[in-house]
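Novice: task: produce atomic coordinates for the following.
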Amino acid sequence: MKEIGAFEAKNTLGTLLDLVQGGEEIIITRHGKPVARLVPSAGRVDQDQARAAFQRIRERAQHSGKVKIGYKSFDWASLKKLRDQGRP
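Specialist: I've put the predicted structure just below:
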């Protein structure tokens with residue numbers, strides 16, 4: 001983790017962004033005290049992949065009344081009933 005003063009950060013922002021894009025984390029200090037942190041941006045969720053996954057889950061739920069997740073299984077009808085009652 002690299003530390004840099006605010007004045008220098010202002011003058012070298014482009015270079016700092018290149019470093020962050022490469023995965024580095026940078027702490028910006030003012031008078032020797034940390035005031036900000038530059039970190040790489042989190043990746044975005046691919047909406048098409050998410051929709052496809054939801055569709056697969058829905059199809060599996062429709063084909064069988066129960067779905068097994070790990071070692072547990074639950075009944076969609078019961079889950080929907082609890083949801084409609086406002087229960088978690």
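Novice: contacts, neighbours, all on C-alpha from now
Specialist: Fine.
Novice: can you pull out the strands in the protein?
Specialist: Along the chain, counting by DSSP state E, strands occupy 2-5, 26-30, 33-38, 66-69, 72-75.
Novice: so which elements touch the third one?
Specialist: Counting contacts by 3 or more Cα pairs under 8 Å, 6 or more residues apart in numbering; DSSP states H and E, strand 33-38 packs against strand 26-30.
Novice: what mean pLDDT does the strand it packs on get?
Specialist: Mean pLDDT, computed over strand 26-30, is 96.
Novice: quick one: buried residues of that strand?
Specialist: For strand 26-30, the neighbour count (16 or more other Cα atoms under 10 Å) marks 26-29 as buried.
Novice: ends of stretch 40-47, what's the gap?
Specialist: Terminal residues of stretch 40-47 are spaced 21 Å apart (Cα to Cα, to the nearest Å).
Novice: distance between it and the chain's centre?
Specialist: What separates the centre of stretch 40-47 from the centre of its chain is 7 Å, taken as Cα atoms, centre = their mean, to the nearest Å.
Novice: contacts for it?
Specialist: 20-25 (Cα atoms under 8 Å, 6 or more residues apart in numbering).
Novice: if you set the cut-off to 10 Å instead, what comes out?
Specialist: Residues outside stretch 40-47 that contact it (Cα atoms under 10 Å, 6 or more residues apart in numbering) are 17-26, 53.
Novice: which residue of the protein lies farthest from its centroid?
Specialist: His31 (33.2 Å; Cα atoms, centre = their mean).
Novice: how is this protein divided into domains?
Specialist: Using automatic domain parsing, the domain parsing of the chain gives 2-38, 47-84.
Novice: in the sheet, who's paired with the residue nearest to Arg37 when sequence neighbours are not counted?
Specialist: In this structure, Arg37 finds its nearest non-sequential neighbour in Ile27, 4.5 Å apart by Cα to Cα, 6 or more residues apart in numbering. Under DSSP bridges, the beta-bridge partners of Ile27 are Glu3, Arg37.
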